[in-house]
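A.B. asks: Below is the structure, and that's it, no one-letter string:
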């Protein structure tokens, strides 16, 4: 029995834990179930990110195990699968005022033991809640949320009593599991699954008056009324396996929605002090106390949020491996927290050199819930974490907070890249909580964004800048500040607020001093380190730098906020809840929800690799009650849409007459391009828009896809001498004879002694074009493969390779480098073929064995491998000017050339990654291969 120490809650006892998956529309999320004992009561805690939280469990969702607690096996699934070969158990879990969860557990002894212990706790809770029951038949229960003094509703009639079932062997596991939890009536009812398949599971109520038939005609305001109940026929182009899945009404979610709408009736605003700090530590270890930074206020703050950048600049940290610097800086922070209060750690999250660590006063620990952390790398293809952001979100009392610590692109001239980094973080960062749709950064009451944002001055004369600083004419400089200009022009951070800056620039100093940069580069001073916020009831009390700390070439910055937090008055909340429950009960009996859609068919023409296309679906609640909608998977599908499609939002509420715009974005990436190129997948899909207690609406998507050289195999590309767009889809492998001009242009790439009929290329022309450009024009470029390219330039490069054989590649060197990386990542079979992956790791210690393995690769793979190694060795000859390190290149290209087979992709260990690095490193530091 373990004690929870993540919040210092010594009275919380963790009885047992179990890893599982939560099945959500569009995704499966890892969870950790924790059975917790708290003061004689039992709680089922559901935790996100189990690997990260196992040592410091903080439940994102706490479900009391009491009379309202339900855990039911997915009985319909149980009858459709063969238990002799199935290895998972699906359960629906719901508790008092908690969302319904669909969980998938491994079907093993540990799961059975966990479920047995949960049942034991449930039995104890039931025995405390009611007197001993007699042996007479028990009348059916009323609904959990029945309104006061209302007539209980009878449950659906049960045609089979569980104890009379003639059990067959495959059902023993299912029946024993259900009887363990005492849900015989639910399971017995579900045994008629063949007759009631795909019917909505809902409480029985008096039937409503017969609805009038709605013809398929254009409705008011251009909305198309589509009939779509569960008995409706599928759309004409539905796939053979089409069947919508059943869904249990999420009444608890509806209750929470109505409570949120009436929040002002039962919350009071209380002020709390939040300290926010940011510091780029330039890869240094803490060499002095942080007291001048963290103890600069007389009164202790309620919450600390400290963000660090460039925590560790080593190659090991750069590629997601552990860093000792994390522990050193967290310890330094702990030792300098305000002495007038006791603090406990909320969470720490790190991505390479970016770290965010948060503390809260111990007395507030129980008031924090739904803690989650995420990270986004914005380096090349998001693979590199040298730039990007990390974030922590949580709910304190009844106010949701999100803190984002970011390190954006460097260099004074790269303002547009910084804007793009900001947009990428906003677009890609989302938090996945149990039973909830994904939450973006902006879907929080208070957002605080801190970090080394790297915005400089649109003033490049270092002496003029220093002169204005010495005269304290900071306003003239701030008028030329890049971040201020970008906010004013609404290019970035337009919805954020920043306090008045009254301190001198915090970058760049000679380390260990207060002198401006005296190196050969003589950087222009700038306010790189910033703190911004968005949200109501936020008042900035202090905004300052801390010149006393000299560890780094940056100075730390801090801000003290007074934030109004919504505190629940439980007595008033209970009264509102009772009113809400009565109103929901009345509406559910009298009305059914309904939607109207502007259209039900969408077409996407000329879809290209890496290029996004977006269409918009407008929906309207034309019913008389609020409705909850969600996109649900089709039968036998784990996701509600294909991987090249993104739907936002995929879940939500609409009030009567309220309209909502849903974006349907098609984006073919490296994860879907190979299947589209090969014809295994097509740009066709059908979305099922489900309305709780109502209809299903079917939305058809179709499109034309333009084949890409990205995502094709090396062998196929070596046989395609024409640009890919000039070759019919059915003849991508059997390529026609080339024209004499292109033939002579590519003749030096052709394989010798291959006959005169159809000589394949030694390496794909696309690889040669990209690498030749980089080696001849970019070998001296600083930060090559370290900075992401611009989206417009990347698309121009991709189009150029697919429509022509250019004499030069458009775009900057960074965009060309990223195009090469994307090309290698999109290969359906990596350069070192999947079948050689384990052998590659095993021989990484012996250069002779490594060369023998490369010689066994198919000719096109072997040629590309040697060509890329020669290119990288050529770059290293110019390391004094491009500052590239052999360890960096080996680590990056090992992840591109030596990828684990798909079945092992999530199981690669740090040792495996290091062996792959050593394999490439041996070729880069060794002599000539031949």
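C.D. replies: Thanks, I have it. From a predicted model like this one, the values you see are computed outputs, not experimental measurements.
A.B. asks: residue contacts, the nearest residue to residue 826 once chain neighbours are set aside?
C.D. replies: Leaving aside its sequence neighbours, residue 826 sits nearest to residue 670 (Cβ to Cβ, 6 or more residues apart in numbering; 3.9 Å). Just so you know, the C-beta spots here come from the backbone N, C-alpha and C atoms, and that holds for glycine as well. Residue 670 sits next to 381, 710-711, 822, 825-826 when contact means Cβ atoms under 8 Å, 6 or more residues apart in numbering.
A.B. asks: got it, and residue 545?
C.D. replies: By Cβ under 8 Å, 6+ apart, the neighbours of residue 545 are 503-504, 506, 529, 555-557.
A.B. asks: Apply 7 Å and report the result again.
C.D. replies: Contact analysis of residue 545 by Cβ atoms under 7 Å, 6 or more residues apart in numbering lists 503, 506, 555-557.
A.B. asks: Of those residues, which pair is most distant in space?
C.D. replies: 503 and 556 (11.0 Å; Cβ to Cβ).
A.B. asks: quick one: residue 724 and residue 800 touch, right?
C.D. replies: No: the criterion here is Cβ atoms under 7 Å, and residue 724 misses it with residue 800 at 11.6 Å.
A.B. asks: Neighbour count: those two, which is higher?
C.D. replies: For residue 724 and residue 800, the more surrounded residue by other Cβ atoms under 10 Å is residue 724, and the numbers stand at 22 against 18.
A.B. asks: So which bits of stretch 467-484 are buried?
C.D. replies: For stretch 467-484, the neighbour count (16 or more other Cβ atoms under 10 Å) marks 468, 474, 477, 481-484 as buried.
A.B. asks: Sketch out the low-pLDDT regions of the stretch 251-400 of the chain for me.
C.D. replies: Counting by pLDDT under 70, the ranges of the stretch 251-400 of the chain that qualify are 251-252, 315-322, 380-385.
A.B. asks: likewise the chain?
C.D. replies: Using pLDDT under 70, the chain drops low at 1-11, 25-27, 49-60, 74-87, 130-252, 315-322, 380-385, 728-758, 927-930.
A.B. asks: Domain map for it?
C.D. replies: 13-127, 269-568, 595-706, 761-925 (the TED database).
A.B. asks: Now render those domains as a markdown table, adding distance to residue 586.
C.D. replies: Supplementary listing: those in a markdown table, determined by distance: least, Cβ to Cβ, whole Å:
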| stretch | distance to residue 586 |
| --- | --- |
| domain 13-127 | 20 |
| domain 269-568 | 25 |
| domain 595-706 | 10 |
| domain 761-925 | 49 |
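A.B. asks: Between those, which one is closest to residue 715.
C.D. replies: The nearest among these, by Cβ to Cβ, is domain 761-925 at 5.3 Å.
A.B. asks: Relative to residue 589, which of the buried residues of stretch 467-484 is nearest.
C.D. replies: Nearest member of the buried residues of stretch 467-484 to residue 589, counting by Cβ to Cβ, is residue 483, at 55.4 Å.
A.B. asks: Return the distance of stretch 551-562 from the chain's centre.
C.D. replies: On the basis of Cα atoms, centre = their mean, to the nearest Å, stretch 551-562 sits 29 Å off its chain's mean C-alpha point.
A.B. asks: Please enumerate residues in contact with it?
C.D. replies: By Cβ under 7 Å, 6+ apart, stretch 551-562 touches 271, 273-282, 284, 287-288, 293, 296-297, 301, 452, 499, 506-509, 511, 528-529, 531, 538-547, 549.
A.B. asks: Okay, and which of the residues you listed map to helices?
C.D. replies: Of the positions in these, residue 293 sit in helices, assigned by DSSP state H.
A.B. asks: I only care about the contacts of stretch 551-562 that end up buried; give me the ChimeraX line for that.
C.D. replies: In ChimeraX, this line selects whichever of those come out buried by 16+ other Cβ under 10 Å:
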select :273,274,275,276,277,278,279,280,281,282,284,293,296,301,452,499,506,507,508,509,528,529,531,538,540,543,544,545,546,549
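A.B. asks: State the helix or strand in which residue 562 lies.
C.D. replies: Assigned by DSSP states H and E, residue 562 belongs to strand 557-568.
A.B. asks: need the next SSE after that strand, C-terminal direction.
C.D. replies: Criterion used, DSSP H and E; the element after strand 557-568 is helix 570-590.
A.B. asks: For residue 675, which three-state class applies?
C.D. replies: helix (DSSP: H, G, I helix; E, B strand; the rest coil).
A.B. asks: Let the chain start at 56 from now.
C.D. replies: In the new numbering, first residue 56, that becomes residue 730.
A.B. asks: So which residues of the stretch 406-555 of the chain form strands?
C.D. replies: 409-416, 423-432, 443-451, 454-462, 485-486, 494-495, 501-507 (DSSP state E, counting those that start in this stretch).
A.B. asks: Tell me what angle the strand holding residue 617 forms with strand 443-451.
C.D. replies: On the basis of axes from the mean of the first three to the mean of the last three Cα atoms, to 10 degrees, strand 612-623 is oriented at 30 degrees to strand 443-451.
A.B. asks: May I see the buried residues of strand 612-623?
C.D. replies: Buried, per 16+ other Cβ under 10 Å, within strand 612-623: 612-616, 618-622.
A.B. asks: Reformat these as CSV; add distance to residue 822.
C.D. replies: Output for these, formatted as CSV (distance: Cβ to Cβ, whole Å):
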residue, distance to residue 822
612, 45
613, 49
614, 49
615, 54
616, 52
618, 54
619, 58
620, 56
621, 57
622, 61
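A.B. asks: just those residues now: which is nearest residue 838?
C.D. replies: Using Cβ to Cβ, the buried residues of strand 612-623 come closest to residue 838 at residue 612, 25.2 Å.
A.B. asks: Not counting sequence-adjacent ones, nearest residue to that closest one?
C.D. replies: The nearest residue in space to residue 612 (Cβ to Cβ, 6+ apart) is residue 584, at 4.5 Å.
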